[in-house]
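> sequence-free structure coming up:
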Ligand SMILES: Nc1ncnc2c1ncn2[C@@H]1O[C@H](COP(=O)(O)OP(=O)(O)OP(=O)(O)O)[C@@H](O)[C@H]1O
Ligand SMILES: [Mg+2]
C-alpha cells in the first residue's frame, strides 16, 4: 500500500488485502458499442454485453450472427472497428488478462504431430504456468475431458470429437478465471455433450465465468444462468432464462365476469376469443400474472385455475428473430 | 524471451517430427555421393590425359563452384518452402487461434518461428556444405581457400530467402507468398548473373540494374561471398598459368573478383533485420 503523504486514506480493516477495483471485481466481460466490419459486411453492429463473474453466460444466435466474431474480439485475435471492451478488468487483447482465460475455438485444430500431452504441455508454457504445476494440471485436464488413455497418441490420429475434447482440455489449463467456449459440442456424441455440461457446472461451482457460444438451444437452456440472443450483429434480447422464457400467455378458468369486465382486462394484453369459462390473454408484461388475477377477482370473477403457457427457448428464439427482422 | 524459445523449439520439433530433418539429411547424402562420384570420374579421366595437377585442381575448383551454385539454388527453394507456410499455414489451419489467444506476443511468435527456421536452414547449409567440401577434398585433393566462410555465406543466402518468405507469410496465403518469393528470387538470380556478364563486356546499365536488384533482395551478395571463398586464390591461378585472364577480368560469369564489400554485406545483414521487423509489424494487425 502507498504510504505517500497526501494519498487518500483507505479504510484498512486489519491486514486484509486491499479491495480490487469494482471493474475487476464483479464483471468478467463488458463491451460498449463494439463494432466489427469486414469490408461491407457488418459482423457486429454495436455489441453491448456484460457478463458477471462466476456466471454461465449463453451467447445465442443463428449462423452468421456474429458470435465467433465477438469472441475473437474479446481475445484479441481480431480487432474491433470501433467501440471498446474489457475482459477480466483489462482492455481487449491485454496479454496479462489472457493468461487467465481459457479458449476453445470453433475451429479446433492443434499441432497434429504432437501428442495430446505435448499439446497441453505447450499451452501450459504459453500460459506461463510454473513448471512444477504443469504435470498435475495436464493430468487433471486429460482426466476431465476423458483422454487420459490416449494422452500419448498423436493428435493427427484423433477423431474429430477427440480433438474437440482436447481443445476443451486446453481451455481448462491455467487454471482460468474465464472460459470461452465457441460451439463446444459441435463434434461431440451425447456422452460428450453431457461431459461438457458437467464441466461447465463444475467450473461455475468454482466461481469460474463461462461464456458459451451456441445455437444449440437445449444445451444453453441446461447450463446457462443468463443469455443474450444475437442476430445480424445485434443483441435482440438479453436476460436470465426465467426472464426470457417468462410466460407471456396465460389461460384463466374463470366465471362470473361481465363482457365489460373482460374488455377492461384487455389492458394486460391481447384477449383471445373468450369461450365459456376460459379466458386466454396474450402478450403479458413480465410478472403481471398476479396483478391480472387480482383484477379479475376485483371485477367479480371467480378464478378456478391459472395456467401460464410456458414457452421453450426454441419458440422464444424464433419469435425474437422474427420480431427483430420484421 | 522464454516464449520466443518455446515457439522456436516447437518449430524445430516440427521439423524432426515431420521427418523433414531426416529427408533433408538423406537427400544431402545422396547429392554428396553422386557429386563425389562425378569428381572421382573427372579426376581419373584428367589424370589419364596427363593434365598437370595445378590445372586439374583449377578444373575441380570450377566444378565445386558449379555444385555450390546448384546447391545455393536448392537451399533458396528449401528456405522458401519452409518460410512461406510458417505463419500462413498456422493461420489457415486454425492452429494459430488457440496459440495466439494465449499471452503470447505476436512479435514473439514471428521471431520464434524465424529463429527455429533459421536453425533448420543454417544446419542444413552447414551439414551439406561441409560434407560436400570434405568429400571433394578427400577425392580430388582440392580444398577451397576458405571453406568455413563459404558455408556461412551459403547459409546467409538461405536466411535471406527464409526471412523474405516468412514476411510474406504473415499476410499472404502459403501458395501466394511462396510463389512471389520464388519468382523474385529467380529474377534476382538471373539479374545477378547478367550483371556479371555485363561486367565482362562492360555494359553499364545492366551492371547498375544488377546492383539495384542486389539492394532489394540481397541473396546475390551472399552468393558472391560464397563464390569468392570457393575460388582459387590469385597465387594458385598464376601458378596454373591463368594470370593473364584475371588481369583482363575474364574468367567467366561465375568468376567474382573478391568477397562483397563490407558496406554491401552490412546492408544485406541489415536487410534481414529490417524484413524481420516488417514481418512483426505486418503480423501485429493480422486477424486470425
Ligand atoms: N474473416 C472474415 N472475413 C469476412 N467476413 C467475415 C469474417 N469473419 C466473419 N465474417 C462475417 O461476419 C459475420 C459473422 O460471422 P461469425 O463467424 O461471427 O458468425 P457466427 O455467429 O459465429 O456464426 P456460426 O453460428 O455459423 O458460427 C458473417 O456474415 C461472416 O460472413
Ligand atoms: Mg461461429
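Everything's here; your move. Since the structure is predicted, the reported quantities are computational estimates derived from the model, not experimental observations. Ligands and ions are numbered 1, 2, ... in the order given.
> Could you list which residues are in contact with residue A:305?
For residue A:305, the residues meeting the contact criterion (CB atoms under 8 Å, 6 or more residues apart in numbering or on different chains) are A:251-253. C-betas here are computed from N, CA, C, even on glycine.
> Give me the buried entries from those.
Neighbour counting with 16 or more other CB atoms under 10 Å in any protein chain shown marks A:251-252 as buried within the contacts of residue A:305.
> Mind putting the contacts of residue A:305 into JSON lines with secondary structure and pLDDT?
Output for the contacts of residue A:305, formatted as JSON lines (DSSP: H, G, I helix; E, B strand; the rest coil; pLDDT from 0 to 100):
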{"residue": "A:251", "secondary structure": "strand", "pLDDT": "87"}
{"residue": "A:252", "secondary structure": "strand", "pLDDT": "89"}
{"residue": "A:253", "secondary structure": "strand", "pLDDT": "91"}
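> closest to residue B:81 among the contacts of residue A:305?
Residue B:81 lies nearest to residue A:251 out of these, by CB to CB, at 71.3 Å.
> State the helix or strand in which the closest residue to ligand 2 within chain A lies.
Distance from ligand 2 to each residue of chain A (CB to the ion) is smallest for residue A:68, at 3.1 Å. Secondary structure here is read from DSSP states H and E; on that basis residue A:68 sits in helix A:67-75.
> Give me the distance from that helix to the chain's centre.
Its chain's C-alpha centre and that of helix A:67-75 lie 13 Å apart, by CA atoms, centre = their mean, to the nearest Å.
> circling back to that earlier point, any idea which of the contacts of residue A:305 is the one closest to chain B?
Proximity of the contacts of residue A:305 to chain B was ranked by CB to the nearest CB; the top entry is residue A:251 with 49.3 Å.
> Verify the contact between residue A:182 and residue A:106 for me.
Yes - in this structure, residue A:182 sits in contact with residue A:106. The criterion is CB atoms under 8 Å, and the distance is 4.0 Å.
> could you dump the contacts of residue A:305 to a markdown table with distance to ligand 2?
Converted to a markdown table, the contacts of residue A:305 look like this (distance: CB to the ion, whole Å):
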| residue | distance to ligand 2 |
| --- | --- |
| A:251 | 39 |
| A:252 | 43 |
| A:253 | 46 |
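> Can you show me the helices along the stretch 51-200 of chain B?
Along the stretch 51-200 of chain B, the stretches classed as helices by DSSP state H, counting those that start in this stretch are B:53-86, B:88-93, B:95-100, B:106-140, B:147-169, B:174-201.
> right, so of the ones you listed, which gets closest to chain A?
Using CB to the nearest CB as the measure, helix B:95-100 is the one of those that comes nearest chain A, at 4.1 Å.
> picking that back up, if you count surrounding residues, which of residue A:182 and residue A:106 has more?
Applying other CB atoms under 10 Å in any protein chain shown to residue A:182 and residue A:106 shows that residue A:182 carries more neighbours, namely 24 against 17.
> From chain B, how far off is residue A:78?
Remark: distance between residue A:78 and chain B (CB to the nearest CB, to the nearest Å) = 4 Å.
> Report the contact partners of residue A:108.
Taking CB under 8 Å, 6+ apart, we find residue A:108 in contact with A:163-164, A:166-167, A:187, B:94, B:98.
> Quick check: residues of the stretch 101-250 of chain A near ligand 1?
Residues of the stretch 101-250 of chain A that fall close to ligand 1, judged by CB under 6 Å from any ligand atom: A:106, A:215.
> which residues of the stretch 151-300 of chain A fall in helices?
Taking DSSP H, counting those that start in this stretch as the criterion, the stretch 151-300 of chain A contains helices spanning A:160-171, A:190-205, A:217-223, A:241-245, A:259-264, A:289-298.
> Against which helices or strands is the fourth one packed?
Here helix A:241-245 touches strand A:226-231, helix A:313-325, going by 3 or more CB pairs under 8 Å, 6 or more residues apart in numbering or on different chains; DSSP states H and E.
> looking at chain B, which helix or strand does the model trust least?
Within chain B, judged by mean pLDDT, DSSP states H and E, the helix or strand with the poorest mean is helix B:243-247; its value is a mean of 58.
> in whatever helix or strand comes next after that helix, what counts as buried?
Elements were assigned by DSSP H and E; along the chain past helix B:243-247, the next helix or strand is helix B:262-284. Neighbour-count burial for helix B:262-284 flags B:264-265, B:267-269, B:271-272, B:275-276, B:279-280, B:282-283 (criterion: 16+ other CB under 10 Å).
> And stretch A:59-70, by the same measure?
Those would be A:59-61, A:65-70, for stretch A:59-70 by 16+ other CB under 10 Å.
> Please apply the same query to stretch A:152-168.
Burial within stretch A:152-168, assessed by neighbour count using 16+ other CB under 10 Å, is assigned to A:154-155, A:158, A:162-168.
> Go ahead and name everything in contact with that stretch.
Counting by CB under 8 Å, 6+ apart, residues outside stretch A:152-168 touching it are A:104-105, A:108-117, A:119-120, A:144-147, A:150, A:181, A:184-189, A:192, A:195-196, A:199, B:98.
> I'd say the residue of chain A closest to ligand 2 and residue A:230 touch.
No - look at residue A:68 against residue A:230 with CB under 8 Å: they stay out of range, at 10.7 Å.
> check contacts around residue A:172.
For residue A:172, the residues meeting the contact criterion (CB under 8 Å, 6+ apart) are A:102, A:140-141, A:144-145, A:179, A:199, A:203.
> who touches residue A:64 in this structure?
Listed by CB under 8 Å, 6+ apart, the contact partners of residue A:64 are residue A:232.
> Quick check: which element contains it?
Residue A:64 belongs to no helix or strand, assigned by DSSP H and E.
> Give me the distance between it and residue A:43.
From residue A:64 over to residue A:43 the distance is 8 Å, taken as CB to CB, to the nearest Å.
> Quick check on residue B:51: phi, psi?
Main-chain torsions, residue B:51, degrees, to the nearest 10: phi -80, psi 140.
> State the pLDDT value of it.
You'll see residue B:51 listed with a pLDDT of 84.
> near chain A, which residues of chain B?
With the criterion set to CB under 8 Å from any CB of the partner chain, chain B comes near chain A through B:3, B:6, B:10, B:13-14, B:17-18, B:93-95, B:97-105, B:285, B:287-288.
> Just the buried ones among these, please.
Buried subset of these (neighbour count, 16+ other CB under 10 Å): B:3, B:6, B:10, B:13-14, B:17, B:95, B:97-104, B:288.
> Pull the most distant pair out of those residues.
B:17 and B:103 (25.4 Å).
> Assess the claim that residue B:64 and residue B:133 are in contact.
Yes - distance between residue B:64 and residue B:133: 7.4 Å, which falls inside the contact criterion (CB under 8 Å).
> intersection of neighbour lists for those two?
residue B:144.
> Please, which helix or strand holds whatever residue of chain B ends up closest to ligand 1?
Closest to ligand 1 within chain B is residue B:287: 6.4 Å, counting by CB to the nearest ligand atom. Here residue B:287 is covered by no helix or strand, with elements defined by DSSP H and E.
> This completes my enquiry, with thanks.
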